[in-house]
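Participant: no sequence on hand, only this structure:
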């Protein structure tokens, strides 16, 4: 029987992308007064990732800008390697001098990573492997999944709550910064959350020891609880009802349908809110899954993924062959 320590702590995650992501177009005002958009004209699309320029790997926004400006000053065209979904595209673009910035540019808004608030789901005290958030971190502008190269997680105290309403998901308002003490690294950004290793094991007074992980066959409809933070750093338990358990032979993030029944949580948050993703779901003393999404039509309803899938992603258990369940 696999045992892990349930989480519930509010965390801030910062992940660094593989390459530099294109999040928008920024037309260039040329010296003649005309407007140019060389990247758009060359076929670069929002959501693409710039992997390299002239065979040099691009790590950061600043490196990208410096490479473009330097190449433009030297009259050198840019040979770009672009990741678009599962394919790699090669493009050649000539930088244009921008009158407004006094730099050579190709007309893009870019981003080299992302940050977000979520919840720690579990960790293994012996290997220090953890799982959190329960779904993939995506770029806030393009909504494209971020292919993570590295990153870290820190404790992010909850400073406030935006109440969830019909048609408008609520959210936790958490604060964290680069100077905060790092809990651990981020090694994977997957459909079932982020995974890595902790350097500091966070405390959970409600479950100080590891508990068993339930198989999908052991989960039943009915009473359960989630662990999450709604004020400061205090992990609390709240009652929910598991309403539906999907039969899944293949991994999916909506294996459980849950309804918040706890009066206090309903009054504070309206139900499931952003930042609650990853909150561990516990039933009969076992970890059964983690919160992943909220229903836009009814914030008291949410979805969860099975703990099995998260443990497989973490490497704590081996991935089952298709159809084995």
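Facilitator: Yep, that arrived. Bear in mind that the values here come from a model prediction, so they are computed numbers and not experimental data.
Participant: contacts only, for the nearest residue to residue 30 once chain neighbours are set aside.
Facilitator: Distances taken as Cβ to Cβ, 6 or more residues apart in numbering place residue 36 nearest to residue 30, at 5.5 Å, with adjacent residues excluded. C-beta coordinates here come from the backbone N, C-alpha and C atoms, glycine included. When contacts are counted by Cβ atoms under 8 Å, 6 or more residues apart in numbering, residue 36 touches 27-28, 30, 96, 107.
Participant: which of these are buried, as a PyMOL select command?
Facilitator: In PyMOL syntax, the buried subset of the contacts of residue 36 is picked out as below (16 or more other Cβ atoms under 10 Å):
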select buried, resi 28+96+107
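Participant: export the contacts of residue 36 to TSV and tack on secondary structure, distance to residue 223 and pLDDT?
Facilitator: Listed next are the contacts of residue 36 as TSV, based on DSSP: H, G, I helix; E, B strand; the rest coil; distance: Cβ to Cβ, whole Å; pLDDT from 0 to 100:
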residue	secondary structure	distance to residue 223	pLDDT
27	coil	57	90
28	strand	60	92
30	coil	66	82
96	strand	63	94
107	coil	56	95
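Participant: now, which of the contacts of residue 36 sits nearest residue 85?
Facilitator: residue 107 (22.2 Å; Cβ to Cβ).
Participant: run a quick neighbour tally on residue 180.
Facilitator: 16 (other Cβ atoms under 10 Å).
Participant: ok but it is inside a strand, no?
Facilitator: No: the assignment for residue 180 by DSSP: H, G, I helix; E, B strand; the rest coil gives coil, which leaves it out of any strand.
Participant: how about it, nearest residue that isn't a chain neighbour?
Facilitator: residue 154 (4.1 Å).
Participant: name the nearest of the contacts of residue 36 relative to residue 54.
Facilitator: Using Cβ to Cβ, the contacts of residue 36 come closest to residue 54 at residue 96, 17.0 Å.
Participant: report the contact partners of that closest one.
Facilitator: 28, 30, 36, 38, 72, 104-107.
Participant: next, format those as a markdown table and append distance to residue 62.
Facilitator: Output for the contacts of residue 96, formatted as a markdown table (distance: Cβ to Cβ, whole Å):
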| residue | distance to residue 62 |
| --- | --- |
| 28 | 19 |
| 30 | 24 |
| 36 | 23 |
| 38 | 20 |
| 72 | 16 |
| 104 | 15 |
| 105 | 13 |
| 106 | 15 |
| 107 | 17 |
